[in-house]
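Q: All I have is the shape, not the residue letters:
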């Protein structure tokens, strides 16, 4: 398994690399550190000052990659790649395809709050077009003392597609041997809430759903892996998620919006609201293509 991390010589880049190390160690994966520069101008149209600047930037990028590789612990295999593309996001996607990566890792934008997620232009583009899962590092991830994933939290709804997310969460749990926490957020699934519902009725229905999901997850887990289910209720998505407890080393997994193309990411409104308050890394799983037989 290979993880592609989009890198810049910034605190955000260090956050993404720190998350990649945590995931690689936990999943038994290898890291490909990718730095994407704008393409060089053809030799015939470059003026001397531009040529000198591009050469200087390329040399500096190589140094940045060497320094980034030096921060990776000896127990994690890491390689560096310097790519050229007009779009940093597309450059990462191309690298992920060529390297047959299983996951793209990226840090938060530099203007976010410490311990929170902030979506910049590159992350925003990836979250709406990537063809493989994305792991998002909160700002300050580089200061985490966690060595491995401690718990996998999976936020499940009742709409079609939740099964795919659960399967991926179970897979991560099997690989990492970390406990699995299934979370049902109330009253987020509007399609299951009736007009006459009270908050108590919606919560009761969600509890029943969480229990059913818990039993399904248990049947798929190997012996010795713990799984629990929790309902988080609130008047808003943010208030519901804020009731969850987190520790260093936790990761959260969410699915893509129903608007996503098959086997592509699309961060929905609910997941985007969760992202504002979740203080741990978040993994967004692509939408799968469903048929009548699925």
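A: Perfect, I can see it now. Treat the numbers as computed from the prediction; the structure is a model and nothing was measured.
Q: pretty sure residue 36 is in a strand, no?
A: Yes: under DSSP: H, G, I helix; E, B strand; the rest coil, residue 36 falls within a strand.
Q: measure the residue lying closest to it once chain neighbours are set aside to residue 104 for me?
A: Excluding its sequence neighbours, the residue lying closest to residue 36 (CB to CB, 6 or more residues apart in numbering) is residue 91, at 3.5 Å. From N, CA and C alone the C-beta is placed, and that goes for glycine too. Distance, residue 91 to residue 104, by CB to CB, to the nearest Å: 11 Å.
Q: Name the residue in these two with the higher neighbour count.
A: Neighbours were counted for residue 91 and for residue 104 using other CB atoms under 10 Å; residue 104 has more, 29 against 22.
Q: Could you pull up the residues touching the closest residue to residue 100 other than its chain neighbours?
A: Once flanking residues are discounted, residue 100 sits nearest to residue 2: 6.5 Å by CB to CB, 6+ apart. Residues in contact with residue 2 (CB atoms under 8 Å, 6 or more residues apart in numbering) are 29, 30, 31, 32, 99, 100, 101, 102.
Q: Quick one: buried ones out of these?
A: Listed as buried from the contacts of residue 2 are 29, 30, 31, 32, 99, 101; burial here means 16 or more other CB atoms under 10 Å.
Q: I'd like those residues as CSV, with secondary structure, distance to residue 244 and pLDDT appended.
A: Output for the buried ones among the contacts of residue 2, formatted as CSV (DSSP: H, G, I helix; E, B strand; the rest coil; distance: CB to CB, whole Å; pLDDT from 0 to 100):
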residue, secondary structure, distance to residue 244, pLDDT
29, coil, 27, 97
30, strand, 31, 98
31, strand, 29, 98
32, strand, 32, 98
99, coil, 34, 96
101, coil, 29, 96
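Q: Would you reformat the residues you listed as JSON lines and include distance to residue 176?
A: Below are the buried ones among the contacts of residue 2 laid out as JSON lines (distance: CB to CB, whole Å):
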{"residue": "29", "distance to residue 176": "11"}
{"residue": "30", "distance to residue 176": "16"}
{"residue": "31", "distance to residue 176": "16"}
{"residue": "32", "distance to residue 176": "20"}
{"residue": "99", "distance to residue 176": "22"}
{"residue": "101", "distance to residue 176": "18"}
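Q: Could you identify the most distant pair in the residues you listed?
A: Comparing every pair within the buried ones among the contacts of residue 2 by CB to CB identifies 29 and 99 as the most remote, at 11.7 Å.
Q: for the stretch 51-200 of the chain, which spans come out with low pLDDT?
A: 51, 110-115, 157-161, 186-197, 199 (pLDDT under 70).
Q: quick one, strands of it?
A: 78-84, 103-107, 134-137, 151-156, 180-186 (DSSP state E, counting those that start in this stretch).
Q: Many thanks, have a good one.
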